[in-house]
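Q: based on what follows, work out the 3D shape:
(chains A, B, C and D)
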Protein chains: 2
Amino acid sequence: MTNRPAPDDELAFLATYDASRYPRPSVAVDVVLLTVLDGAIRALLARRVDHPHRGDWALPGSFLQIDESLDAAAARVVATKAGLEGAFIEQLYTFGAPDRDARTRVLSVAYYALVDPATLERAVADRGDAGLVLAPLDVPWAGESGGPVGARGDDGTPLQLAFDHAAILGMAVKRIRGKLDYAPIGFELLPDAFSLRDLRLVHEAILGRALNKDSFRRRILDRGLVVATGRRAAGVGHRPPELYRFEDRSAT
Amino acid sequence: MTNRPAPDDELAFLATYDASRYPRPSVAVDVVLLTVLDGAIRALLARRVDHPHRGDWALPGSFLQIDESLDAAAARVVATKAGLEGAFIEQLYTFGAPDRDARTRVLSVAYYALVDPATLERAVADRGDAGLVLAPLDVPWAGESGGPVGARGDDGTPLQLAFDHAAILGMAVKRIRGKLDYAPIGFELLPDAFSLRDLRLVHEAILGRALNKDSFRRRILDRGLVVATGRRAAGVGHRPPELYRFEDRSAT
DNA sequence: ATGCATAAATGCATGTAGCATCTAAGGAGT
DNA sequence: ACTCCTTAGATGCTACATGCATTTATGCAT
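A: I've put the predicted structure just below:
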């Protein structure tokens, strides 16, 4: 049927294959750990203690280990740098400009992860590291046009970002804005029980614009992605809203 | 303001940086050259003449050169393997399972390109190479769920795909299906002047399902992405349709 | 000349989104 | 206890996109 050679041919070829013939780039895996807190999209940034870009703020990342899958490397970065297990992680884009790292040729396979703010804040606090911040992002463009995205410190001053990490942040924001419409994004950014207002504020922070309250309510409820818990929030200073939880459709 | 070290510090660091400390993977760039012909999505596949997977069908690709950007490598592959310049090319996904290539650790940064079938057929014919086919794709899933995608030969028999290229094809189909709604995709797959029927057939081939004729017409015309040329197709065996051309919105 | 296939416009029903209005209900201040 | 404030949540109206059916137009094959 096929013209595949006999296995021993291929095994002989592999035994003599010289993998060092081509110069190889280093490959890093960088992760945009995103959350929404106080009405702003935020990303976890770490202050660089080594050259290059020492003192600048960078995404948590690591060099890819030689026998490790890309997904595993991203999960390892999230576990090591943020102490989180089982977060939602997805590949974003691979950045490969020849001069993006002054040391040597380094590709960055970027991932993004969505984490609820309480978990991420706790992870940052547990580290007790002043070189780790949950920086609000400055997104200077509307819709899904894209472009670099900056970050601010707690005092509102812009943070100097290392490498091309402003472009990576921009790609991450663009990606989740685009997925918000049709994917069940937003639930990863909230606790188990949340009001529809909480969910809407998350969407508004991601999109960078206000949404119609009633249309949002109807759209979310009609899709059947959330179910009422019967409980209500307390102590909110006004009529307490019904709390909902995410209804996993894959279980249906 | 910032704590960046003096430049000479960083230069000294770079001069002594040992890039060989980490083992590095090989990086390949593979391109899914997509078109729509005779109602089917097709991809350009080349029969492998070397191990591994000799005799199997593979996406055109190349190892990344050490001073070359990823985008440039993809453009080089398209120019070298298909003789095309200036095609629409976009990064797709990076595949990095440790065992995806038996030779050594090889990452594949996959790209996809959209080319109109006449141009791509001409490029294939100019090569005069029986090891180069424009294979129709078998997409066994609906919507945007995803999964591997196979390819068939001219006689309808399935082609044995090399490496994880079935997964790469699946990702490419998933991506353009998803972008069809909101991006001006489809115009790259058609000649300069085309009827709305031609455009609809392209969309139907990509989506794998029939579309409502009138809704499609209104939707496309309302978006203002196409403008009538005033010319009509001839010799079509029925009432000749108006021919349209793509209206570049960036020029507005 | 007639029929056929498709183009292209039009009308109608349905579903969804934006918007305004109304009532509900708890907290804060008096 | 009473009132005010704020937000929740429901309802109705309008505008618009979409699916579907109907009608007319037009080049080509017979």
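Q: need the helices for chain A, in chain order.
A: Ranges of helices in chain A, per DSSP state H, are A:7-16, A:70-82, A:117-127, A:165-180, A:196-207, A:213-223.
Q: packing partners for the longest one?
A: Contacts of helix A:165-180 with other secondary structure elements, assessed using 3 or more CB pairs under 8 Å, 6 or more residues apart in numbering or on different chains; DSSP states H and E, are made with strand A:26-37, strand A:40-47, strand A:88-95, strand A:106-114, strand A:150-151, helix A:196-207. Placement of C-beta: from N, CA and C, glycine included.
Q: adding distance to chain B, write these out as JSON lines.
A: Output for those, formatted as JSON lines (distance: least, CB to the nearest CB, whole Å):
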{"stretch": "strand A:26-37", "distance to chain B": "5"}
{"stretch": "strand A:40-47", "distance to chain B": "8"}
{"stretch": "strand A:88-95", "distance to chain B": "5"}
{"stretch": "strand A:106-114", "distance to chain B": "5"}
{"stretch": "strand A:150-151", "distance to chain B": "13"}
{"stretch": "helix A:196-207", "distance to chain B": "15"}
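Q: number of residues surrounding the single nearest residue of the stretch 151-252 of chain A relative to chain B?
A: Per CB to the nearest CB, residue A:160 is where the stretch 151-252 of chain A lies closest to chain B, at 5.1 Å. Counted by other CB atoms under 10 Å in any protein chain shown, the residues lying close to residue A:160 total 19.
Q: how far away is it from DNA strand D?
A: 36 Å (CB to the nearest atom of the strand, to the nearest Å).
Q: pretty sure that residue contacts residue A:48?
A: No: look at residue A:160 against residue A:48 with CB atoms under 8 Å: they stay out of range, at 9.9 Å.
Q: please enumerate the shared neighbours of the two.
A: A:55, A:56, A:57 (CB atoms under 8 Å, 6 or more residues apart in numbering or on different chains).
Q: run through the residues that contact the last one.
A: For residue A:57, the contact set (CB under 8 Å, 6+ apart) comprises A:45, A:46, A:47, A:48, A:133, A:135, A:151, A:159, A:160, A:161, A:162, A:165.
Q: 7 Å instead, please
A: Residues counted as contacts of residue A:57 (CB atoms under 7 Å, 6 or more residues apart in numbering or on different chains) are A:45, A:47, A:151, A:159, A:160, A:161, A:162.
Q: contacts only, for the fourth one.
A: This means residue A:159. A:45, A:57, A:135, A:151, A:152, A:153.
Q: tally of neighbours for residue A:128?
A: Around residue A:128 there are 7 residues (other CB under 10 Å).
Q: swap in residue A:187?
A: Residue A:187, neighbours per other CB under 10 Å, totals 21.
Q: quick check, pLDDT for the residue lying closest to it once chain neighbours are set aside.
A: Leaving out its chain neighbours, the residue that sits closest to residue A:187 by CB to CB, 6 or more residues apart in numbering or on different chains is residue A:246, at 4.1 Å. With respect to pLDDT, residue A:246 scores 90.
Q: what is the burial count for residue A:246?
A: The burial count for residue A:246: 17, using other CB under 10 Å.
Q: what distance do you get for residue A:87 to chain B?
A: 19 Å (CB to the nearest CB, to the nearest Å).
Q: check residue A:130 too.
A: 12 Å.
Q: tell me the confidence at that residue?
A: On the pLDDT scale, residue A:130 gets 87.
Q: contacts only, for residue A:43.
A: Here residue A:43 is in contact with A:32, A:33, A:34, A:135, A:137, A:151, A:169 (CB under 7 Å, 6+ apart).
Q: again with residue A:144
A: Residue A:144 neighbours (CB under 7 Å, 6+ apart): A:174, A:177, A:178.
Q: just the buried subset of these, written out for PyMOL, thanks.
A: Burial among these is assessed by 16 or more other CB atoms under 10 Å in any protein chain shown; the matching PyMOL selection reads:
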select buried, chain A and resi 174+177+178
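Q: of the contacts of residue A:144, closest to residue A:211?
A: Nearest to residue A:211, judged by CB to CB, of the contacts of residue A:144 is residue A:177 at 12.7 Å.
Q: got the phi and psi for the closest residue to the closest one other than its chain neighbours?
A: Excluding its sequence neighbours, the residue lying closest to residue A:177 (CB to CB, 6+ apart) is residue A:144, at 5.6 Å. Main-chain torsions, residue A:144, degrees, to the nearest 10: phi -120, psi 30.
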